[in-house]
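Undergrad: model this:
(2 chains)
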Amino acid sequence: AQSVSQHNHHVILSEAASLELGCNYSYGGTVNLFWYVQYPGQHLQLLLKYFSGDPLVKGIKGFEAEFIKSKFSFNLRKPSVQWSDTAEYFCAVNTYSSASKIIFGSGTRLSIRP
Amino acid sequence: ETGVTQSPTHLIKTRGQQVTLRCSSQSGHNTVSWYQQALGQGPQFIFQYYREEENGRGNFPPRFSGLQFPNYSSELNVNALELDDSALYLCASSRGTEGIKHGYTFGSGTRLTVV
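TA: You can find the predicted model right below:
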């Protein structure tokens, strides 16, 4: 069965620090990959997505992610975080064999110290 | 454009009861998916409706059922509630299969507590 693993459950950083959140998925076929963000008290929002082409994708608010097929990874990065980046981040995958559903990881809570 | 709206926002039910949650999809969207998000977990896919037909189902028992109406709004029904059904229930909508390409638009969810 397909699954998504986010190994960092809670990350605490100071403002201006660099961020990298890990995401690994298990599926041997073609995948679409997503990062969603959930700010406190708000709904899930799409941060960025990968379908094909350049494995380095850029999203909103200065976030980017790199798809490394050989490692089944799709890590999220940001060079310099801000206090407003405090949120829960979810990696997700969709496969063509189960096109109707998105499989989410368990999430990483990011806390930024001002 | 209006987003996805869900009602009610919070709900408390007793074990064994039945509950109905409602979702209005974003304008122009005809696909609705339901997810269950337990505390400290990521959302888990329950099922999806496309043009009033179920279009995929996750690993949830039959007591979880749904409907989609001609205006593309949707209901999630849960019978014989169990304590483990306590969770945030999310509705997400998209235009046809564009949800796969662009991701879905999520609502803020209904927080269900079963006591």
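Undergrad: Quick one: the strands in chain B, in order.
TA: Remark: strands of chain B, listed N- to C-terminal, are B:5-7, B:10-13, B:19-24, B:31-37, B:44-50, B:53-57, B:64-68, B:74-78, B:87-94, B:105-106, B:110-114; assignment by DSSP state E.
Undergrad: beta partners for the closest residue to B:Q68 other than its chain neighbours?
TA: Nearest-residue entry for B:Q68: B:Y49, 3.7 Å, with adjacent residues in sequence omitted and distances by C-beta to C-beta, 6 or more residues apart in numbering or on different chains. Backbone N, C-alpha and C define where each C-beta goes, glycine included. Using DSSP bridges, the beta-bridge partners of B:Y49 come out as B:V32, B:E54.
Undergrad: from what I can see B:Y49 touches B:V32, true?
TA: Yes - under the criterion of C-beta atoms under 8 Å, B:Y49 lies in contact with B:V32, with a separation of 5.0 Å.
Undergrad: Mutual contacts of the two, please.
TA: Contact with both B:Y49 and B:V32 is made by residues B:Q68, B:S74, according to C-beta atoms under 8 Å, 6 or more residues apart in numbering or on different chains.
Undergrad: More neighbours: which of these two?
TA: Taking neighbours as other C-beta atoms under 10 Å in any protein chain shown, B:Y49 and B:V32 compare with B:V32 leading, 32 against 27.
Undergrad: B:G107 and A:K71, how far apart?
TA: As for B:G107, its distance to A:K71 is 34 Å (criterion: C-beta to C-beta, to the nearest Å).
Undergrad: Taking chain B, what residue is nearest to chain A?
TA: Chain B approaches chain A most closely through B:G56 (2.9 Å), counting by C-beta to the nearest C-beta.
Undergrad: Now do the same contact list for that residue.
TA: With contacts defined as C-beta under 8 Å, 6+ apart, the neighbours of B:G56 are A:S98, A:A99, A:S100, A:K101, B:F45, B:F47, B:Q48.
Undergrad: export the residues you listed to JSON lines and tack on distance to B:Q68, pLDDT and neighbour count?
TA: Rendered in JSON lines, the data for those read as follows (distance: C-beta to C-beta, whole Å; pLDDT from 0 to 100; neighbours: other C-beta atoms under 10 Å in any protein chain shown):
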{"residue": "A:S98", "distance to B:Q68": "19", "pLDDT": "71", "neighbour count": "16"}
{"residue": "A:A99", "distance to B:Q68": "18", "pLDDT": "70", "neighbour count": "15"}
{"residue": "A:S100", "distance to B:Q68": "13", "pLDDT": "76", "neighbour count": "20"}
{"residue": "A:K101", "distance to B:Q68": "16", "pLDDT": "85", "neighbour count": "24"}
{"residue": "B:F45", "distance to B:Q68": "16", "pLDDT": "94", "neighbour count": "21"}
{"residue": "B:F47", "distance to B:Q68": "10", "pLDDT": "94", "neighbour count": "21"}
{"residue": "B:Q48", "distance to B:Q68": "9", "pLDDT": "93", "neighbour count": "27"}
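Undergrad: Before I go, just wanted to say thanks for your time.
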